[in-house]
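> sequence first, predicted model second:
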Amino acid sequence: MKNKKKVKGRISQYLRTPIYWDFFWLIVSAIILLCDCRIGLFVLGCSLVYLVVSAILYVRFKPGILKSLVNFGTQYGLMQRRMLYELDIPYGLMDESGKILWCNQLVQDMLEEESIKHKNIMDLFPDIKPEFFHMEEEPNEFQIEHQDKIYKIVLKEISFKESLESAEFPVLDEGEGGIISFYFIDETQIQQLEKETKDEKTVIANIYIDNYDEVLQDVESTKRTLLVALIDRRINIYFSQYDGIVRKLENDKYFVMFKTKYISKMQTNKFAILDDVKNVNMGNGIPVTISIGVGMGGETLQDSYELSTTAIDMALARGGDQAVLKDGNRVYYYGGKTKSVEKNTRVKSRVKATIFRDLIETKSDIYIMGHHIGDNDSFGASIGMYRICKTIGKNAHIVVGEMGSSVKELVDTFKEAEGYEEDLFLTGPEAEERMGKNDALIVVDVSRAGYTEHPQLVEQAQCIIVFDHHRQTSDVIENAQLSYIELSASSASEMVVEIMQYIKETVKLTKMEAEALYSGIMIDTNNFTDRTGVRTFEAAAYLRKKGADITRVRRMFREDMADYKAKAKAIENAEIFQGEFAFSTYIPNGHEESPTVVGAQAANELLNVRNIKASFVLTPYNDQIYISARSLGKINVQTLMEDFGGGGHMNLAGAQVKGNDLLAVMNQLKEDINRRIEEGDL
C-alpha cells in the first residue's frame, strides 16, 4: 500500500486560511444570534454560504495550484541547475570520500574529459589530500597547481537536514546526511601580478669597505687613487648588470638600489662581487674585502632601508667579507671566508669604555653573566667587569651555574678569599629575584640570549650591556643599550682588559683577578697559538704586570687521568672524511668533570693530524648533542655550525642540538659539508 504524501509548509497554510476564517464567522454569528435573532440568522446564513463557497473553491483549485507550484519549482530547479552548469566558475558536488556527484562544464573542461562523474577528486587532482576534507564551521581553502595554472579550491560542507528545515516550498520528506561543494578560482593571473609587483619593489643595500685604511696604508701613495677607482669600477659594473643605482657616500661606503627580481641571480652567484673586489691588486698585500647589507620585504622604502642598515651591522659584526640579506625576519648569509683584520688603533675601545662608564654610573646594582657552562674566558671577563664596577663604586654580582672543573676551582678560590662579598656569586634564580628596575645586566663572551647562563635575566633587565668577540647571528640580543662586538679580539678577557685601561679611575686588580683574566686569554687562544695579535700580547703583558703568575695559571689547566684517557679515547675513535675532515664522538662515562670540555680538547688535538683542515667532535650530554668544531683557518666552521643553530669564529665554533640521535646529527653534518663542497663554499 502506497504511503500518501501530505503537503506541508506555508503554501498549505495559505490554502486553508479562508476555511479557518469561516469558523470564526460562525462563532460571531452565534453570539449575534443570542443578542438579536433576525440579524443573527442573516449573519449565520452568510457565513454558511461563505463556508460552502470556500470549500468548493479549495477542492476545485487545489490541484491546479499545486500543479503550478510543482511546475514552477521544477522549472526553477532546472533554471538553477542550468545556471550552475553554465556558471563561469568551475563548481561541483562530491561526497565525504571525494567521489564527484555532479559538476558543471568548466570542471570537465579543466580536466579535458567528457565525464568525471563518480571519479574521485583526489585521483584527478593529486595535490588534494584527504586531510583537506576535515572542516569545521568555516570553509576550507587551499591552493593547487594544475596544467601550469594556480587554483584556489574552496570546500564547504552542505547538510541535507539544514537545507530541508529551511525550505519554504512544499517538501515530502526530510533527510539527513551531507555533501561537500567545491569550486575553483583561477589565481594564476593574480599570482603573476603579485610576483611582478614584488619583483618591481625596490631593494636597498649598503656596501662598506672593511679594511679601507689598512689597504691604503699598504699601497704606494701614487697608486692609492687608482686602487680606489678600480674598487669603484668593480662595484658599479656588478650592479649595473642588474639595473642598479650606485652612489658613493664616503670613501668606504656605498648606497645601492635595485629591483627585487634581480636578487635571486645575486643569490645564485653568491654575491660574486665579494670575490671580484678581492682580486683588485695594485701592490697591496692585504686583499680588499667588502661587506654588503641588503634589505628587502619592507612595506615602505624606509622599512627596507632600516632592514639594510641592520643587515650591514650584522655583516660587520660577523667579521666582514660577506653579504647579509635580511628579508623581513629571515636572514641569509653569503661569503665570510676571510679572517677579521686586527686593528692596531684602540679608539673604539676608548669610546666604548666611556659609554660603558656613563651607563653604569647611574645604575644601582650590576649583574654580570656569561654563557651557559661557563669557561675560563667567560669567568675571567666576568671577574674583570666586577673589578671595574667596584672601582666605579657599584655593587656587582656574578651569575654562575654549571661550569668546567678549572672554573670551579677559581670560583672556590674567590669564595674563600678575603675582601669579597658573600653575595659575589649568585645563581640565575637568585639574581632574577633580586634584580630591580634600576639595575644593569652585563653579558660577556656571548651575544645570544638563549646561550646565556640564565636567559630570563635578559628578558627582565631594563639595561643590558654586551661584550663579545664571537660572530653575531640573527638571534643576537637586540635591546642592548651598549653592544661591543670585536671579532679581532682573541677573547672576551682581552676586551675587558682594554676597557679597564680607559676607565677614568685606576683599576687595581688583585693577583687572583689578573690570573683569572689571563686564564681566559690562554684558554681561548689555545696557549697563545690561535687568533693572537699584537693587542692580545699587550693585554697579557698588562696582566703580568698586575701580578698574574703564569705557572699558577698553567696548573689550572692540568687534566686528571680520567679526562686525559677520555680525550685519548675520543681521538682514537676519529675517522677521516673526504680526506681532510676529522670526525669523532665522545660518549661520557660519568666520571668526567665536564664532558663538553673533553670533546672540545679532542677537537683541538685532531687538528695536529697532517692534512686535516677541520675537526668535529660530537658529545651527547643532558639530552643534547654538543658539537665542537675547529679548523686551521681555511675552513669556516662557524657557517657550518650556524646550520645547527650554533656559531662562534671561523676556526672555532660549536652548536647544541636537541635530542640523542648522534648518528643522525653526524650524517647531517657530513651532508652539509658535501653540499658546500659541491657549491664551492668549502
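Perfect, I can see it now. Model, not experiment: these values are computed from the prediction.
> how about low-confidence regions in the stretch 351-500 of the chain?
Counting by pLDDT under 70, the stretch 351-500 of the chain shows low-confidence ranges at 473-474.
> point out the other helices and strands that the helix or strand residue 189 falls within packs with.
Applying DSSP states H and E as the criterion places residue 189 in helix 188-199. Applying 3 or more CB pairs under 8 Å, 6 or more residues apart in numbering; DSSP states H and E, one finds that helix 188-199 contacts strand 149-159. (Glycine included, C-beta is placed from N, CA and C.)
> now do the strands in the stretch 101-250 of the chain.
Secondary structure of the stretch 101-250 of the chain (DSSP state E, counting those that start in this stretch): strands at 140-146, 149-159, 178-186, 202-209, 245-250.
> er, the stretch 351-500 of the chain I mean
Taking DSSP E, counting those that start in this stretch as the criterion, the stretch 351-500 of the chain carries its strands at 365-369, 395-399, 425-426, 440-444, 463-468, 482-485.
> contact partners of the second one?
Read that as strand 395-399. Strand 395-399 has contacts (CB atoms under 8 Å, 6 or more residues apart in numbering) with 364-370, 379, 382-383, 385-386, 389-390, 421, 423-428, 431, 434, 453-454, 457.
> do that again at 7 Å, thanks
With CB atoms under 7 Å, 6 or more residues apart in numbering as the test, strand 395-399 has contacts from 365-369, 382, 386, 389-390, 423-426, 428, 431, 453-454, 457.
> poorly predicted segments of the stretch 201-350 of the chain, please.
Using pLDDT under 70, the stretch 201-350 of the chain drops low at 337-346.
> where do the helices of it begin and end?
Secondary structure of the stretch 201-350 of the chain (DSSP state H, counting those that start in this stretch): helices located at 212-217, 221-240, 263-268, 273-278, 301-317, 347-361.
> what's around residue 200, how many residues?
Using other CB atoms under 10 Å, residue 200 is surrounded by 10 other residues.
> what sits closest to it if chain neighbours are left out?
residue 259 (5.9 Å; CB to CB, 6 or more residues apart in numbering).
> cool, and residue 500?
Of all residues not flanking residue 500 in the chain, residue 507 sits nearest, at 4.4 Å (CB to CB, 6+ apart).
> tell me the SS of the one you found?
coil (DSSP: H, G, I helix; E, B strand; the rest coil).
> hmm, it is touching residue 498, no?
No. Contact criterion CB atoms under 7 Å: residue 507 and residue 498 do not qualify, at 11.5 Å.
> quick one, which of those two is more surrounded?
The residue with more neighbours, out of residue 507 and residue 498, is residue 498; 22 against 18, by other CB under 10 Å.
> can you tell me which residues contact the residue nearest to the more buried one when sequence neighbours are not counted?
Nearest residue to residue 498, sequence neighbours excluded (CB to CB, 6+ apart): residue 349, at 4.3 Å. By CB under 7 Å, 6+ apart, the contact set of residue 349 is 498-499, 502.
> measure residue 349 to residue 541 for me?
Here residue 349 is placed at a distance of 16 Å from residue 541 (CB to CB, to the nearest Å).
> what do you get for residue 17?
The gap separating residue 17 from residue 541 is 111 Å, by CB to CB.
> these two: who's more crowded?
Counted by other CB under 10 Å, residue 17 and residue 541 do not tie: residue 541 has more neighbours, with 12 against 9.
> convert the helix or strand that contains that one to PDB, retaining C-alpha atoms only.
Using DSSP H and E, residue 541 sits in helix 534-545. The C-alpha trace of helix 534-545 is given here as PDB (Å, rounded to 0.1, in the frame of the first residue of the first chain):
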ATOM      1  CA  VAL A 534      99.600  42.500  19.000                       C
ATOM      2  CA  ARG A 535      96.800  43.600  21.300                       C
ATOM      3  CA  THR A 536      96.500  40.000  22.700                       C
ATOM      4  CA  PHE A 537     100.100  40.100  23.900                       C
ATOM      5  CA  GLU A 538      99.700  43.600  25.200                       C
ATOM      6  CA  ALA A 539      96.800  42.500  27.300                       C
ATOM      7  CA  ALA A 540      98.800  39.600  28.600                       C
ATOM      8  CA  ALA A 541     101.700  41.900  29.400                       C
ATOM      9  CA  TYR A 542      99.300  44.200  31.300                       C
ATOM     10  CA  LEU A 543      98.000  41.300  33.400                       C
ATOM     11  CA  ARG A 544     101.600  40.100  34.000                       C
ATOM     12  CA  LYS A 545     102.400  43.500  35.400                       C
END
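> what's the angle from it to helix 347-361?
Here helix 534-545 runs at 50 degrees with respect to helix 347-361, directions being taken by axes from the mean of the first three to the mean of the last three CA atoms, to 10 degrees.
> now do the buried residues in helix 534-545.
535-537, 539-540, 542-543 (16 or more other CB atoms under 10 Å).
> what's the closest of those to residue 282?
Comparing the buried residues of helix 534-545 against residue 282 with CB to CB places residue 535 closest, at 28.3 Å.
> please report how far the closest one lies from residue 217.
Distance from residue 535 to residue 217, by CB to CB: 17 Å.
> follow-up on the earlier one: which of the contacts of residue 349 sits closest to residue 678?
Nearest to residue 678, judged by CB to CB, of those is residue 498 at 42.4 Å.
> any idea how far that closest one is from residue 351?
In terms of CB to CB, residue 498 sits 12 Å off from residue 351.
> quick check: phi and psi at the closest residue in space to residue 670 that isn't next to it in sequence.
Among residues not flanking residue 670 along the chain, residue 577 sits closest, at 6.0 Å (CB to CB, 6+ apart). Per-residue torsions, residue 577: phi -120, psi 130 (degrees, to the nearest 10).
> again with the one 3 residues further on
Main-chain torsions, residue 580, degrees, to the nearest 10: phi -140, psi 10.
> dump the residue contacts of the residue nearest to residue 244 when sequence neighbours are not counted.
Among residues not flanking residue 244 along the chain, residue 258 sits closest, at 3.6 Å (CB to CB, 6+ apart). Applying CB under 7 Å, 6+ apart, we find residue 258 in contact with 203, 239, 242-244.
> reformat the residues you listed as JSON lines; add neighbour count and distance to residue 193.
Converted to JSON lines, the contacts of residue 258 look like this (neighbours: other CB atoms under 10 Å; distance: CB to CB, whole Å):
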{"residue": "203", "neighbour count": "25", "distance to residue 193": "19"}
{"residue": "239", "neighbour count": "21", "distance to residue 193": "27"}
{"residue": "242", "neighbour count": "15", "distance to residue 193": "22"}
{"residue": "243", "neighbour count": "11", "distance to residue 193": "21"}
{"residue": "244", "neighbour count": "18", "distance to residue 193": "24"}
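> which one of those residues sits closest to residue 610?
Using CB to CB, residue 239 comes nearest to residue 610 of those, at 44.0 Å.
> contact partners for that closest one?
By CB under 7 Å, 6+ apart, the contact list for residue 239 reads 246, 256, 258.
> hang on, residue 628 in a strand?
Yes. Residue 628 sits within a strand when classified using three-state DSSP.
> surely it is in contact with residue 654?
Yes. Applying CB under 7 Å, one finds residue 628 in contact with residue 654, separated by 5.4 Å.
> in terms of neighbours, single out the busier of those two.
Neighbour tally, residue 628 and residue 654, criterion other CB under 10 Å: the higher count belongs to residue 628, 29 against 24.
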